[in-house]
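below is the structure, and that's it, no one-letter string:
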């Protein structure tokens, strides 16, 4: 009887801020569109860069068109974590959308290379709040045990955008203008802003403890000095990974200086966080929770693996197997769909049964098997074979990648979930940034050796200059073209090994997470809130004691 009563309580949702039916559908659609914008701009510009450098005569600025966005979107994750923690999540999200839209307009209307670079950096600043905002709003508009399903939907949108960027960017650049890679953001941003503004209402009881602080106290908690130091550390790391071995040598004074700056700023940041305590950007008591630092490591390693495939599989299809950019995009459907299916199915299972770590373990094992088999990719790999291998890998990743966010909801109270989400998004983003930079270095350095070993008719510089989709320029000699494709396949092989290693490593922090039940935690919190509200409303101690007895009988803590 106790369990039946408990089930009835779970099904009744009287919180007016929780959305139902068509309102929930339309808000989730708009949040997913916002997350698509977040991921789209990471790589939509890649295929447009050749035309941009031609128009602006800015070949020396190539690295900055991608880096400017990458630096700000990664480095400002903790800052937005604090913004969502101490201010109204809806307002912060709407401001992020406006910043993103302004950055898009600056990029689309830029007349100089320097303005475009500034616009890209500003765009990344606004985008840094989009994924966190979507995760935060989801936690406010549905019951806690339903959060895994809807956060999974958000994660699925991020997976789609990672693959769609190059295809959409190529189509817009070829048939309209590279500027439409940014203009496309404007109408979508307006839709997202309007829907969230009209339909999302966050309960005043949500995160009341943090939001009731005086503005002076909130600003103190934003930790401006820590944010600047953190920016210096992350920017130094990403710059040296982007430039090392290409623009500058690894042994140069610049490389060494950037590594030293990264280390010193990192140490200063950790020391400052420890000293500031509750006023820190990342309070030590939060990062010391096992599921938080283990979940961050899971997302860091999976971020490397997942972005490696999202970024370099299209390059493999174009350079090694000789298909067009559009055809490569179509092939990436095998990358996106399994992830979406696995994310949805796993989110539903977690909401139904409560446990989430077992699905992460199984997912990473499956993904590791797929990564191991993907090392076999070569010029002769058939469609059936590469599609099957990608599906195996992505089913596993889809099972695991969104569940660390569920762990955040399980181990942190609502007042701290924004900080937890910031840590997780930052870890994923940093892993992806490192994957792109390290992968680029591996590919270009390997091409320097593999091209001469396969043919002497074309130099490595010629191959690198024409890009992954430009090998067909050497099609006047079919034999040479095939040798170049073989050289590309050999050069890209270490990148697949990087993905395999990081996928396998992710199993260690996964098993180290706390094995909790999100359904049980949700019910415990509901009972606790009921007791607290009853006490405030003058309900007798006897009622409170009865609730505690029922909790103990159902196997949960009061």
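Yep, it's here. The shown structure was predicted, so the numbers you read here are calculated from the model rather than taken from an experiment.

shouldn't residue 83 be in contact with residue 129?
Yes. Using CB atoms under 8 Å, residue 83 makes contact with residue 129 at a distance of 7.0 Å. In this view, the C-beta of every residue, glycine as well, is placed from N, C-alpha and C.

and for those two, which residues touch both?
Both residue 83 and residue 129 are in contact with residue 92, where contact means CB atoms under 8 Å, 6 or more residues apart in numbering.

compare the two (neighbour count), which wins?
The neighbour count for residue 83 versus residue 129, taken as other CB atoms under 10 Å, is higher for residue 129 (31 against 26).

helices of the stretch 1-150 of the chain, start to end?
Counting by DSSP state H, counting those that start in this stretch, the stretch 1-150 of the chain forms helices over residues 2-11, 21-43, 49-56, 62-75, 77-86, 89-109, 113-127, 130-141, 147-175, given from the N-terminal end onward.

buried residues, the last one. List them.
Neighbour counts over helix 147-175 (16 or more other CB atoms under 10 Å) mark 147-173 as buried.

what is the rounded mean pLDDT of the next helix or strand after that helix?
Remark: after helix 147-175, the chain's next helix or strand is helix 180-183, criterion DSSP states H and E. Rounded to a whole number, the mean pLDDT of helix 180-183 is 88.

do stretch 241-258 as well
Computed over stretch 241-258, the average pLDDT equals 78.

measure that stretch end to end?
10 Å (CA to CA, to the nearest Å).

can you list the helices of the stretch 1-150 of the chain in JSON lines and add mean pLDDT and distance to residue 376?
Compiled in JSON lines, those are given as follows (pLDDT from 0 to 100; distance: least, CB to CB, whole Å):
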{"stretch": "helix 2-11", "mean pLDDT": "43", "distance to residue 376": "47"}
{"stretch": "helix 21-43", "mean pLDDT": "82", "distance to residue 376": "25"}
{"stretch": "helix 49-56", "mean pLDDT": "71", "distance to residue 376": "31"}
{"stretch": "helix 62-75", "mean pLDDT": "76", "distance to residue 376": "30"}
{"stretch": "helix 77-86", "mean pLDDT": "83", "distance to residue 376": "36"}
{"stretch": "helix 89-109", "mean pLDDT": "91", "distance to residue 376": "40"}
{"stretch": "helix 113-127", "mean pLDDT": "89", "distance to residue 376": "36"}
{"stretch": "helix 130-141", "mean pLDDT": "82", "distance to residue 376": "33"}
{"stretch": "helix 147-175", "mean pLDDT": "74", "distance to residue 376": "22"}
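
which one of those helices lies nearest to residue 247?
The closest approach between residue 247 and any of those, judged by CB to CB, belongs to helix 62-75 at 6.3 Å.

can you give me the buried ones in the closest one?
64, 65, 66, 67, 68, 69, 70, 71, 72, 73, 74, 75.

ok, residues contacting it?
38, 41-42, 45-46, 49, 52-53, 116-118, 120-125, 127-128, 230-231, 234-235, 238-239, 242-243, 246-247, 426, 429-430, 433, 436.

what's the ChimeraX line that selects buried ones from those residues?
Those of the contacts of helix 62-75 that count as buried under 16+ other CB under 10 Å are selected in ChimeraX with:
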select :38,41,42,45,46,49,52,53,116,117,118,120,121,122,123,124,125,127,128,230,231,234,235,238,239,242,243,426,429,430,433,436
